[in-house]
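Trainee: take a look and give me a structure for this.
(one chain, ligands or ions: 1)
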Amino acid sequence: MASDPQHIGVMYDWFKYSVTKAPPHVIDKKEKRKWKIEVIEPYGRCTIATQDIKEGEVLFVDHPIVTGPKQTTDLICLACYRRLEDWDNYLCSTCGWPLCGVQCEGRGYHPLECHAFAKAGYKPKKDDFSEAQYMYEAMLPLRCYCLKDSEPDKWETLRAMESHNDLRRGTELWDREQVNVVEYLRGKVKVDAEDEMIHTITGILDVNCHEVRSNIPGTRDQYLVRGVYPLCAMMSHLCSNNTHHTLMDDMTMVVIASRPIKKGEQMTATYTHLLSATTERRKHLRYGKFFDCVCDRCSDPTEMGTHFGSLKCSQPGCGGNIMCTDPLVPTNDAPWACDKCRYQISALTVERLNKMVYFELREAGDEDPNKLEAIMKKYQFVLHPQHFHIVGMKHSLSQMYGRVAGFLLPELTQAQRLRKLECCRDLLQVLDVLDPGISRLRGLTLYELHAPLLLQANKAFQNTTITKSAFLQQLQEVEGYLDQAIYCLKHEPVSSFEGEICKIAYNSVVELKKWIKTATTLPASHFLPEQHEQQALSTPLSPEDLTLETLLRKLEEQ
Ligand SMILES: C[S@@+](CC[C@H](N)C(=O)[O-])C[C@H]1O[C@@H](n2cnc3c(N)ncnc32)[C@H](O)[C@@H]1O
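Mentor: Here you go, the predicted model:
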């Protein structure tokens, strides 16, 4: 459209469509847009708040234009994404592709490619499935192309998205997609599109897709697929973003402000893993999303004071931190140097070290906390205490202590309970800086934090080793953590793990409130005497105090 060269109007139309389609408990049907789309370089189109937005406010809901298998995937049913054991257990009666049964023939987005395959007279053969399932890579691009005729509005919205063909052309990725997608679709499925058009579609998918969990009907299983969410895709990336998204069971995405957003500020998402270090994030963004991130976190060698990538200096008696000398070098290969003695090492050495720890962690698995503790001990003199591998291990330990066999909560020793608490607290400290506000990880970690504290308080109560005021204070602290966990997780669908934890946390708060009420009324005999009582009892008595009368009066007063 000449008057809208940036195709912003179609995105606003998608907003209205998504609002009308969303369940009323998620967003009010009369919801007005609180943001606009503007072009700001170097971001391109981005979303800007048009009013002050409070933490937790819903910004928009988004529906997928289409979903489909990831580039590499298991053998799956194309309709419901269930994993299949054999390629020919059930084959679609129209196109001959593996499905899980007759009920899936017309389900989901399968009819899109089903007609295309049937029209081309192409049926997959057993041998096609031996090569790492490469033909699934072409499935989502094919679905997108089929929208051109079947759902032109969706096609128009899809076409309005960024493909970065100019940046991708000539790259390894382009060459791979030329073979696995373009030639496959043109050769086998006889798609009548130009190469450039198919590359535009694969580019749109590479730049904008979200990895999402799809529920397998009739089960509690889920499978990871790709989805195109146009409104989500309009948000720029930031390595410390201000929005939080939740995927509902029907694959609607609900996007809320994870912290307050000021009028005129960009609404931002993260395209990468927040709990990875600068080099890893920037590599992922450069090769996967085609830009160099220069945000405050990436520009700062300390990563906002967290030292998320820093190493400890090994020079005798130094005690400094080794950090990247120029984290914004596009090739990410600037040398690393100690901030005290200037001792230098290469970026390659740092990368090798990180990989070594990564492989050891993968070997260690997630069933035995002792294995992680051993790795942590091994690297404690090399990695900064807030290095991403250490924080990652603390995250795993915070979940393992209390959850894995042999380490269930009641079985934990006092030292292990304290360790769980320490891991949770250390993780929260990092999240406060890198991912403040509403986040799933914060919610889950707060939940993990509450359990050992509650157990500890109750144990002390049972053994009468705690004063009443300290006991009530500890219970209230636990209640506070549960409240915060609920606040972070209340947007998650009940069917998800996070949603389940939120429900449990909610029930725990109800019980805890009752317990606090009961504990308040319990007589002093159930507790250790308060400190002032102990002092009073241990204050030296004057001869006058030693009369029975005075002693009784004093005790009554307490
Ligand atoms: C999902 S799209 C976002 C919407 C895009 N700006 C548009 O106009 O369609 C991702 C692309 O936006 C741009 N982008 C997003 N975040 C950025 C950032 N922090 N710095 C520079 N470019 C960014 C990059 O071109 C990236 O490939």
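
Trainee: ok, the nearest residue to residue 42 once chain neighbours are set aside - contacts?
Mentor: Once flanking residues are discounted, residue 42 sits nearest to residue 291: 7.0 Å by CB to CB, 6 or more residues apart in numbering. Bear in mind the C-beta positions are built from the backbone N, C-alpha and C, glycine included. Counting by CB atoms under 8 Å, 6 or more residues apart in numbering, residue 291 touches 42, 237, 285.

Trainee: where does the protein have its least confident helix or strand?
Mentor: Lowest on mean pLDDT, DSSP states H and E among the helices and strands of the chain sits helix 548-557, with a mean of 54.

Trainee: for residue 113, see how far away the residue nearest to residue 42 is.
Mentor: Using CB to CB, to the nearest Å, residue 291 is found at 31 Å from residue 113.

Trainee: can you list phi and psi of residue 237 for me?
Mentor: phi -90, psi 140 (degrees, to the nearest 10).

Trainee: ok, how many other residues are close to the nearest residue to it once chain neighbours are set aside?
Mentor: Spatial nearest neighbour of residue 237, chain neighbours left out: residue 271 (4.4 Å); criterion: CB to CB, 6+ apart. Using other CB atoms under 10 Å, residue 271 has 22 other residues around it.

Trainee: cross-check the contact I'm expecting between residue 271 and residue 289.
Mentor: Yes. Between residue 271 and residue 289 there is a contact under CB atoms under 8 Å: 5.3 Å.

Trainee: nearest spatial neighbour of the closest residue to the ligand within the stretch 451-558 of the chain, skipping sequence neighbours?
Mentor: Using CB to the nearest ligand atom, residue 491 is the residue of the stretch 451-558 of the chain that sits closest to the ligand, at 22.1 Å. Spatially, and ignoring its direct neighbours in sequence, residue 491 is nearest to residue 246 (4.6 Å; CB to CB, 6+ apart).

Trainee: which elements pack onto the helix or strand hosting that neighbour?
Mentor: Using DSSP states H and E, residue 246 maps to strand 243-247. Applying 3 or more CB pairs under 8 Å, 6 or more residues apart in numbering; DSSP states H and E, we find strand 243-247 packed against strand 253-257, strand 268-269.

Trainee: shaky segments in this structure?
Mentor: Along the chain, the parts satisfying pLDDT under 70 run over 1-2, 130-133, 533-558.

Trainee: now do the buried residues in the helix or strand encompassing residue 175.
Mentor: Counting by DSSP H and E, the element that carries residue 175 is helix 172-177. For helix 172-177, a neighbour-count test (16 or more other CB atoms under 10 Å) marks 173-174, 177 as buried.

Trainee: alongside the ligand, which residues does the stretch 1-150 of the chain contribute?
Mentor: Within reach of the ligand by CB under 6 Å from any ligand atom, the stretch 1-150 of the chain has these residues: 42-46.

Trainee: how about those residues in CSV, adding secondary structure and neighbour count?
Mentor: What follows is those, written out as CSV (DSSP: H, G, I helix; E, B strand; the rest coil; neighbours: other CB atoms under 10 Å):
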residue, secondary structure, neighbour count
42, coil, 8
43, coil, 16
44, strand, 14
45, strand, 19
46, strand, 18
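
Trainee: output these as a markdown table; include the columns distance to residue 91.
Mentor: Output for these, formatted as a markdown table (distance: CB to CB, whole Å):
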| residue | distance to residue 91 |
| --- | --- |
| 42 | 48 |
| 43 | 46 |
| 44 | 43 |
| 45 | 43 |
| 46 | 45 |
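
Trainee: quick revisit: and the next element down the chain from the helix holding residue 175?
Mentor: Taking DSSP H and E as the definition, the helix or strand right after helix 172-177 is helix 184-187.

Trainee: dump that following helix to PDB, restricted to CA.
Mentor: Taking Å, rounded to 0.1, in the frame of the first residue of the first chain, the C-alpha atoms of helix 184-187 are listed here in PDB:
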ATOM      1  CA  TYR A 184      12.400 -29.600  -2.500                       C
ATOM      2  CA  LEU A 185       9.300 -27.500  -2.800                       C
ATOM      3  CA  ARG A 186       9.800 -26.600  -6.500                       C
ATOM      4  CA  GLY A 187      11.000 -30.100  -7.500                       C
END
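
Trainee: can you name every helix or strand that it contacts?
Mentor: Short answer (3+ CB pairs under 8 Å, 6+ apart): helix 184-187 packs on helix 139-150, helix 195-208.

Trainee: as JSON lines, these with mean neighbour count would be great.
Mentor: Formatted as JSON lines, the helices and strands packed on helix 184-187 follow (neighbours: other CB atoms under 10 Å):
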{"stretch": "helix 139-150", "mean neighbour count": "21"}
{"stretch": "helix 195-208", "mean neighbour count": "21"}
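
Trainee: now for the ones you listed, which one comes closest to residue 91?
Mentor: helix 139-150 (15.7 Å; CB to CB).

Trainee: got the angle between the closest one and helix 195-208?
Mentor: For helix 139-150 against helix 195-208, the angle between stretch directions is 120 degrees (axes from the mean of the first three to the mean of the last three CA atoms, to 10 degrees).

Trainee: tell me which helix or strand comes right after helix 139-150.
Mentor: Per DSSP H and E, the first helix or strand lying C-terminal to helix 139-150 is helix 152-159.

Trainee: may I see the buried residues of stretch 375-385?
Mentor: 375-376, 379, 383-384.

Trainee: and the residues you listed, which is closest to the ligand?
Mentor: Nearest member of these to the ligand, counting by CB to the nearest ligand atom, is residue 384, at 25.8 Å.

Trainee: relative to residue 284, how far out is the closest one?
Mentor: 22 Å.

Trainee: what residues does this protein have near the ligand?
Mentor: So the chain meets the ligand at 42-46, 161-162, 164, 207-208, 233-234, 236-237, 289-291, 293 (CB under 6 Å from any ligand atom).

Trainee: which ones are touching the residue nearest to residue 491?
Mentor: 253-254, 256, 491-493.

Trainee: quick check: phi and psi at the residue in the stretch 301-450 of the chain positioned nearest to the ligand.
Mentor: Residue nearest to the ligand within the stretch 301-450 of the chain: residue 328 (12.1 Å; CB to the nearest ligand atom). The phi/psi pair for residue 328 (degrees, to the nearest 10) reads phi -90, psi 0.

Trainee: what does residue 38 give?
Mentor: Reported as degrees, to the nearest 10, the phi and psi values for residue 38 are phi -130, psi 160.

Trainee: report how many residues lie close to it.
Mentor: 14.

Trainee: just list whatever residues bridge to it.
Mentor: residue 46 (DSSP bridges).

Trainee: check contacts around it.
Mentor: By CB under 8 Å, 6+ apart, the contact set of residue 38 is 45-46, 48.

Trainee: can you tell me which of those lies closest to the ligand?
Mentor: The shortest approach to the ligand among the contacts of residue 38 belongs to residue 45, at 3.3 Å (CB to the nearest ligand atom).

Trainee: was I right about the closest one contacting residue 234?
Mentor: Yes. Using CB under 8 Å, residue 45 is in contact with residue 234, at 5.8 Å.

Trainee: between those two, which contacts overlap?
Mentor: Residues touching both residue 45 and residue 234 (CB under 8 Å, 6+ apart) are 11, 37.

Trainee: nothing else from me, thank you.
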